[in-house]
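[1] pasted the sequence and its predicted model underneath.
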Amino acid sequence: MAQAPARCLNHPDRTAIARCKQCHKPLCERCAKKMTGGIYCSDECYQKMNAFQDRVQKLDEARKPGLSIGKLVGRFLVPAIIIVVLYYVLVVEKVRSVGDIIDLIRKLIP
Ligand SMILES: [Zn+2]
Ligand SMILES: [Zn+2]
């Protein structure tokens, strides 16, 4: 059994040719408003859909990682290693001169 074609919500005597992309109301040729991206019953629905798509887009942007692991390593790990090495050389080994550095290297290499 064939389904009766949907009728326009505002004009029960007219056959619906499309549905509002936002509220899914059946719309006749006269009621359907062609907007960018689809057919809507009213400007209100068009604005609602635009606001919704804006939100989705912003959520997508927020989900994208701003920092990659490589950038994190470059930004935090490398300076941390340099600080640890400097601390070891200057504080633990009390290196104050080139001679001290040579002594330190001799100690490290048997
Ligand atoms: Zn609508
Ligand atoms: Zn209509």
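    Okay, I see it. Ligands and ions are numbered 1, 2, ... in the order given.
[2] which helices and strands does the helix with the most length in the chain pack with?
    Counting residues, the longest helix in the chain under DSSP state H turns out to be helix 43-63. Contact partners of helix 43-63 among helices and strands, from 3 or more CB pairs under 8 Å, 6 or more residues apart in numbering; DSSP states H and E: strand 33-35, strand 38-40. Backbone N, C-alpha and C define where each C-beta goes, glycine included.
[3] buried ones in that helix, by neighbour count?
    Buried residues in helix 43-63, counted by 16 or more other CB atoms under 10 Å: 45-46, 49.
[4] before we move on, the earlier item: including mean pLDDT and distance to ligand 1, could the helices and strands packed on helix 43-63 go into JSON lines?
    Shown next, in JSON lines, are these (pLDDT from 0 to 100; distance: least, CB to the ion, whole Å):
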{"stretch": "strand 33-35", "mean pLDDT": "95", "distance to ligand 1": "9"}
{"stretch": "strand 38-40", "mean pLDDT": "96", "distance to ligand 1": "5"}
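[5] all strands for the protein, in order.
    18-19, 26-27, 33-35, 38-40 (DSSP state E).
[6] which other residues reach the helix or strand bottoming out on mean pLDDT in the chain?
    Within the chain, no helix or strand scores below helix 69-72, which has a mean of 78 by mean pLDDT, DSSP states H and E. For helix 69-72, there are no external contacting residues (CB atoms under 8 Å, 6 or more residues apart in numbering).
[7] again, but for stretch 34-54
    Against stretch 34-54 from outside (CB under 8 Å, 6+ apart): 9, 18-23, 25, 27, 31-33.
[8] brilliant, that's me finished.
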